[in-house]
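Visitor: here is a sequence together with a model predicted from it:
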Amino acid sequence: MTTILRSNLLAIECIIHVPATLSKPKKKWHTIFTTIYCSRTFSSLVIKSPAAKAKTKVILHPPSHVSLAVIQENGHFQVDQTTLIEVVKEKNFDTLQKLDGVDGVASALGTNTEVGISGSTEDIARRHEAFGSNTYKKPPTKSFFHFVIEAFKDLTIMILVGCAALSLGFGIKENGLKEGWYDGGSIFVAVFLVIAVSAISNYRQNRQFDKLSKVSNNIQIDVVRGGRRQQISIFDIVVGDIVCLKIGDQVPADGLFLDGHSLQVDESSMTGESDHVEVNRSQNPFLYSGTKVADGYARMLVTSVGMNTMWGQMMSQISRDTNEQTPLQARLNKLTSSIGKVGLAVAFLVLVVLLVRYFTGNTTDENGNREFNGSKTKADDIINAVVGIVAAAVTIVVVAIPEGLPLAVTLTLAYSMKRMMTDQAMVRKLSACETMGSATTICTDKTGTLTLNQMKVTKFWLGQESMEEGSASISPFIVELIHQGVALNTTGSVYRASSGSEFEFSGSPTEKAILSWAALELKMDMGKMKQSCAILQVEAFNSQKKRSGVLIGKNRDDTVHVHWKGAAEMILAMCSSYYDASGIVKDLNDSERTKFEQIIEGMAASTLRCIAFAHKQVPEEEYGNLKEQKKVKEDSLTLLGLVGIKDPCRPGVMKAVEDCQYAGVNIKMITGDNVFTARAIATECGILRPGDDMSSGVVVEGEEFRNYTPRERMEKVDKIRVMARSSPFDKLLMVQCLKQKGHVVAVTGDGTNDAPALKEADIGLSMGIQGTEVAKESSDIVILDDNFASVATVLRWGRCVYTNIQKFIQFQLTVNVAALCINFVAAVSAGEVPLTAVQLLWVNLIMDTLGALALATERPTKELMEKPPVGRTEPLITNIMWRNLLAQALFQIAVLLTLQFRGESIFGVTEKVNDTLIFNIFVLCQVFNEFNARKLEKKNVFEGIHKNKLFMGIIGITILLQVVMVEFLKKFADTERLNWGQWGACIGIAVVSWPIGWVVKSIPVPEKPFFSYLEWRK
């Protein structure tokens, strides 16, 4: 020791001496270096623990020079990141033992295994700096430029760009730069606008998905900091944190098992192995980020976070695929390609007709001269004319192909997803938005969905007496047993900063209710209880068994006791005696058992959830057997008491249930509670009516349903409205039966065991507050507030999405049919196209993008819930839509063809002005028809229009842009200015589409789809 001291002091002496020759900055560096060196030297003289001593190697330095050890970046911690990663990743038990086991690692990380880390800002910052944060690098998101290129890849766009380039080249060559760029340039501008709008909408949707994934990945985790259990975001977890895990949780980081019981982990996400792995302190204390807790509960010490975990490295390679195609999008793509083929055929015919007319000399220029005079015509003129003809034909294809349809779906889904988020529903799978509109049955949980999940113990029975006035009249012996049964057989916790402050309870709502009752009413001291007893064996609660048990050893007298807690009738079945209020054990014969069953039924009928406690002292020899079998004694117990927990119905649930039933959707309640509680709650929520015949199979128990033959199940499943005492398997069985019968089924679930049913259902709805991570990952939509009213809102939005898309299809197809007919008839008969390439592109733009925006953003209305659900096989274009669109298209074709052939004489105008009138009337017809498209069946198309400001704004913008096109962009749009009278005539003709729409809606249509008649004739 003296030698070490002497060598250190000599080294210190030689570095304290500052040479006078040093410059000022160098003197500063010398001082800093001295401070660091001295402090490290003195700290090394402090007596270390034997373990630390063994690891320390002393190196003596001669005083002639100084060797400076590089300080690790985590100077505050006695273990480095590399070692921690290696221990867990390689499951390296030997290295863990060298570090003094889990407790040694906790101590090296400055974590107290009971109270956790301090959680102060400085402490968190230090840990972030040393070990990183619990976030992972994401692959770069697609840039806006990527979507521009994607839009450019469209074949029609490429052809148009080619035509524009040729037109631009020939125009400039013929008329010079000043005049010659108009035709080609205007097509370029129009194409650029179409590309820009498409790219912007796709880019925005992609950004929305990124935001959504951030929200869905932001899981709340239970940690212990400063002795207090609290919930924090998964992204805020740091190395050294103590995390509390329970069934269904996702392990948030890599770490080591501290304490807990029966912990089984599903590591399939990491290893692909479906078998559950047992994690314990002695043989396998290693926990991996991204794995799921399948059974039991535990506390873990976090050793690696973010990119230092295997999960982080995996996730950083995976980008969320936003190209998921929904069923509706697939159907629309099919429709688009069918219409596109018709458009191509028409365009080809127009192309042939125009080319034949040109080369046979049937076309004249503006001065009335023949355009083609055989060999006299210049090659430039021929190419220019052919390019113009090809551009016209290609533009017909552009208008014929309704590329606005996929855009409309994207806009509708993106808009509804955003709105649903504010309505407390987070969409994880886009297709669920549409499917929900077709839902015919909703299977819902009770607790937390129909009820508030704010539980409170309102009844306490000891023996056969109801105890109203707390613990005063109860035997102290019984009170102590209840304290043990509550404090030691729980996954919850009680925190109290000081004796005068409020209690803080954590755990599931049921656990919190029981803990708060025991702490406040029976004056339980949880800390004291835990110190006085040791937990020997635990059987964790799960939804199959509906009970949890614990085997404890009392430190005071080394006796072993068993405590059980769970569903009252299940615990009662395990008992052979009961305690009365004075602590006397009484025999539980058949008549006494019947009395207890009546007490339980009475509480259940008052909508109380009944929980029973049971206890038994275990003889030593029996304990030996239980220890070997790793079991908790579960027979011949003594009933301790019964508590009734009140969980009030959510306000608004009855209205939501009524709305769903009115919309033709069946509501079925599936609960783990007993049949009496289930019946009482179902009646309170409106799922059952007071006059319903309960004996006719409306209410069944899970076991009864399970034991039916497959044929019986199929016969009775439609009748069932309440299933009590059900297991997750029963829920899955019901979903399968309903689907076989042709129902579209939505299911709510929150537990890990609900995952199979959520996956099997057409729409899986998980709960945002109570739901486990496993349930959320198996679901399509997360109900953020756990409220059934939000489920009804999702149903309304699902129907809204479907209807909005139908409105847009009707609007778009009207334009397609009209534009195709007009251009085709005019081209074949007169040899010219009344609507030019630029004009048709402009119509395409207002139709596809502005029209999609206006109609796709209509909000849900009451009448949506007045219709039965839309079947899976119903056609997308209904008879009602065919009636509406054909009437409008025929009107537009009749008006515009009349103007094409007689317009000049009717209005007394030139050909150029007549073409402008045709273009203007055509656009205004679409604007007025947009109002008609708002309602498919209702005659009053203006209802609620003042609420849709976006719709009104888009109509205003469209009209304004049309005025600019006609009046100010004459050369660009190839139009002539119109006077007030001509504008009035255009508006007068276009507005006729309103009364036509009103009259047409009075014409009845058959229920059977039109096209099915064609199939039948075949």
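Guide: Cool, got the structure.
Visitor: so where do the helices sit in the stretch 501-650 of the chain?
Guide: Taking DSSP state H, counting those that start in this stretch as the test, the helices found in the stretch 501-650 of the chain are 509-520, 526-532, 568-573, 590-605, 620-629.
Visitor: same thing with the stretch 201-350 of the chain?
Guide: Going by DSSP H, counting those that start in this stretch, the stretch 201-350 of the chain shows helices at 268-271, 310-317, 327-359.
Visitor: cool, and the stretch 801-950 of the chain?
Guide: Under the criterion DSSP H, counting those that start in this stretch, the stretch 801-950 of the chain carries helices at the ranges 837-845, 851-856, 879-907, 911-933, 949-967.
Visitor: the longest one packs against which elements?
Guide: Judged by 3 or more Cβ pairs under 8 Å, 6 or more residues apart in numbering; DSSP states H and E, helix 879-907 is in contact with helix 788-830, helix 911-933, helix 980-990, helix 993-1000. Heads up, the C-betas are built off the backbone N, CA and C, glycines and all.
Visitor: looking at the ones you listed, which is closest to residue 959?
Guide: Taking Cβ to Cβ as the criterion, residue 959 comes closest to helix 911-933 out of the helices and strands packed on helix 879-907, the separation being 6.3 Å.
Visitor: averaged pLDDT, the closest one. What do you get?
Guide: Predicted confidence along helix 911-933 averages 90 (mean pLDDT).
Visitor: check stretch 977-997 too.
Guide: Per-residue pLDDT values over stretch 977-997 give a mean of 91.
Visitor: now that stretch: buried residues?
Guide: Of the residues in stretch 977-997, 978, 982, 983, 985, 986, 989, 990, 993, 996, 997 count as buried by neighbour count, 16 or more other Cβ atoms under 10 Å.
Visitor: ok so, going back, how about CSV for the helices and strands packed on helix 879-907, with distance to residue 612 added?
Guide: Compiled in CSV, the helices and strands packed on helix 879-907 are given as follows (distance: least, Cβ to Cβ, whole Å):
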stretch, distance to residue 612
helix 788-830, 29
helix 911-933, 62
helix 980-990, 75
helix 993-1000, 67
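Visitor: picking up where we left off before, take the helices of the stretch 201-350 of the chain and lay them out in TSV including mean pLDDT, distance to residue 523 and mean neighbour count.
Guide: Output for these, formatted as TSV (pLDDT from 0 to 100; distance: least, Cβ to Cβ, whole Å; neighbours: other Cβ atoms under 10 Å):
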stretch	mean pLDDT	distance to residue 523	mean neighbour count
helix 268-271	71	45	15
helix 310-317	75	45	16
helix 327-359	79	59	17
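Visitor: out of those, nearest to residue 762?
Guide: In terms of Cβ to Cβ, the element of the helices of the stretch 201-350 of the chain nearest to residue 762 is helix 327-359, at 10.6 Å.
Visitor: contacting residues around the closest residue to residue 605 other than its chain neighbours?
Guide: Nearest residue to residue 605 in three dimensions, chain neighbours excluded: residue 676, at 5.0 Å (Cβ to Cβ, 6 or more residues apart in numbering). Applying Cβ atoms under 8 Å, 6 or more residues apart in numbering, one finds that residue 676 lies in contact with 600, 601, 604, 605.
Visitor: among the residues you listed, name the buried ones.
Guide: When these are checked for burial by 16+ other Cβ under 10 Å, the buried set is 600, 601, 604.
Visitor: what's the closest of the helices of the stretch 801-950 of the chain to residue 332?
Guide: With distances scored as Cβ to Cβ, the stretch of the helices of the stretch 801-950 of the chain nearest to residue 332 is helix 851-856 (11.8 Å).
Visitor: and of the contacts of residue 676, the nearest to residue 592?
Guide: Within the contacts of residue 676, proximity to residue 592 (Cβ to Cβ) peaks at residue 600, which comes in at 13.0 Å.
Visitor: look at the closest one and report its pLDDT.
Guide: Per-residue pLDDT puts residue 600 at 92.
Visitor: was I right to think it contacts residue 642?
Guide: Yes. Contact criterion Cβ atoms under 8 Å: residue 600 and residue 642 qualify, at 6.9 Å.
Visitor: between the two, what contacts are shared?
Guide: Between them, residue 600 and residue 642 have 568, 610 as joint contacts when contacts are counted by Cβ under 8 Å, 6+ apart.
Visitor: outline the domain layout of the protein.
Guide: The chain breaks down by the TED database into domains covering 1-43, 81-137+238-304, 328-414+796-1012, 428-452+650-786, 456-646.
Visitor: now render those as CSV, adding distance to residue 226.
Guide: Written out in CSV, the entries for the domains of the chain read as follows (distance: least, Cβ to Cβ, whole Å):
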stretch, distance to residue 226
domain 1-43, 26
domain 81-137+238-304, 5
domain 328-414+796-1012, 43
domain 428-452+650-786, 25
domain 456-646, 9
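Visitor: so which of those domains comes closest to residue 162?
Guide: Within the domains of the chain, the stretch nearest residue 162 is domain 328-414+796-1012; the backing value is 8.7 Å (Cβ to Cβ).
Visitor: check contacts around the residue lying closest to residue 911 once chain neighbours are set aside.
Guide: Of all residues not flanking residue 911 in the chain, residue 904 sits nearest, at 6.2 Å (Cβ to Cβ, 6+ apart). When the contact criterion is Cβ under 8 Å, 6+ apart, the partners of residue 904 are 910, 911, 914.
Visitor: distance of residue 387 from residue 393?
Guide: As for residue 387, its distance to residue 393 is 11 Å (criterion: Cβ to Cβ, to the nearest Å).
Visitor: centre-most residue in the protein?
Guide: The central residue of the chain, meaning the one whose C-alpha is nearest the mean C-alpha position (Cα atoms, centre = their mean), is residue 428 at 3.0 Å.
Visitor: my guess is it contacts residue 782. True?
Guide: Yes. Here residue 428 lies in contact with residue 782, judged by Cβ under 8 Å, at a distance of 6.4 Å.
Visitor: anything in contact with each of the two?
Guide: Shared contacts of residue 428 and residue 782, counting by Cβ under 8 Å, 6+ apart, come down to 216, 776.
Visitor: of the helices of the stretch 801-950 of the chain, which is nearest residue 96?
Guide: Residue 96 lies closest, by Cβ to Cβ, to one member of those: helix 851-856, at 57.8 Å.
Visitor: remind me what the closest one packs against, helices and strands.
Guide: For helix 851-856, the helices and strands in contact under the criterion 3+ Cβ pairs under 8 Å, 6+ apart are helix 404-422, helix 788-830, helix 911-933, helix 949-967.
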